[in-house]
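1. Sequence unavailable; structure follows:
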């Protein structure tokens, strides 16, 4: 994004190498920075990195003995649920020596209308890494439940490894996306394939069926869509 401005009551966003986008609203989501300045870290021998984050080991131990750090002041996305997950894992590590946070399966949600939710890799990240993948998409316009709710904007997109079918990323734009992403998180946490997700019996009529349909679409087998080719290859 090069610049954004208001012109005649509309927002205009200029992007590098693309046509300007004219819209009603622009969501400014530039992220957060750790609030680690002037809190006395130096007095206990803790230094922050160039981003203001506190370096920690896998057990969240800082360089200072018996001082642990979690949440927005350490690595990873600056999200409340990520911090809560880290807090549980940190205490488990302290008490039992075991604790687990999989940073590849931390979901992100934008609470707009419609909602936006995602977990795992994006297409841009997969292309940049050279990883081959297939893509399955299912529009909420083809969802019976979305139609009864009158909320048919958006779609579900699933990215799966071209060779193993393992789910690499799931992205949802549409009604209740923040709730629907939980199923994708569970699937990815346990290494599910797109076929595994497709085989789950989703109740009908529900928005969750769209996840199953998108999983089927990875192999070109979505049921409530016109016949399609196998998922896109990259």
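-> In hand now; what should we look at? This structure is a prediction, so every number in the text was calculated from the model and none was measured.
2. can we go C-alpha only for contacts and neighbour counts from here?
-> OK.
3. In terms of helices and strands, where is the closest residue to residue 223 other than its chain neighbours?
-> Leaving aside its sequence neighbours, residue 223 sits nearest to residue 213 (Cα to Cα, 6 or more residues apart in numbering; 6.7 Å). Using DSSP states H and E, residue 213 falls within helix 209-218.
4. pLDDT of that helix, averaged?
-> Per-residue pLDDT values over helix 209-218 give a mean of 98.
5. In terms of secondary structure, what does that helix contact?
-> strand 133-139, strand 155-161, helix 194-199 (3 or more Cα pairs under 8 Å, 6 or more residues apart in numbering; DSSP states H and E).
6. quick one: which of those is nearest residue 38?
-> strand 155-161 (43.1 Å; Cα to Cα).
7. Mind listing residues that contact the closest one?
-> The list of residues contacting strand 155-161 from outside it, by Cα atoms under 8 Å, 6 or more residues apart in numbering, reads 121-123, 131-140, 166-174, 193-194, 210-211, 214-215, 218.
8. Identify the single longest helix in the chain, thanks.
-> Secondary structure of the chain read by DSSP state H shows that its longest helix is helix 80-96.
9. Quick one: residues in contact with that helix.
-> By Cα under 8 Å, 6+ apart, helix 80-96 touches 59, 60, 68, 70, 71, 72, 98, 99, 100, 101, 106.
10. The residues you listed in strands, which ones?
-> If you go by DSSP state E, the contacts of helix 80-96 have nothing in strands.
11. Tell me which stretches of this structure form helices.
-> Under DSSP H, the chain gives helices at 80-96, 123-129, 144-149, 177-189, 194-199, 209-218.
12. among the ones you listed, which is nearest residue 53?
-> Among these, helix 80-96 sits nearest to residue 53 (Cα to Cα), with 13.7 Å.
13. returning to what we had before: want to try a markdown table for the helices and strands packed on helix 209-218, with mean pLDDT, mean neighbour count and distance to residue 76 as columns?
-> Formatted as a markdown table, the helices and strands packed on helix 209-218 follow (pLDDT from 0 to 100; neighbours: other Cα atoms under 10 Å; distance: least, Cα to Cα, whole Å):
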| stretch | mean pLDDT | mean neighbour count | distance to residue 76 |
| --- | --- | --- | --- |
| strand 133-139 | 97 | 24 | 25 |
| strand 155-161 | 98 | 26 | 22 |
| helix 194-199 | 98 | 20 | 26 |
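14. got the contact list for residue 172?
-> Neighbours of residue 172 in contact, by Cα under 8 Å, 6+ apart: 115, 116, 117, 118, 154, 155, 156, 157, 181.
15. between the residues you listed, which is closest to residue 49?
-> residue 118 (27.7 Å).
16. Can you list the neighbours in contact with the helix holding residue 213?
-> Outside helix 209-218, the residues that reach it (Cα under 8 Å, 6+ apart) are 134-140, 143, 156-160, 194-195, 197-200, 202-203, 222-224, 228, 230-232.
17. I'm done for today, thanks for sticking with me.
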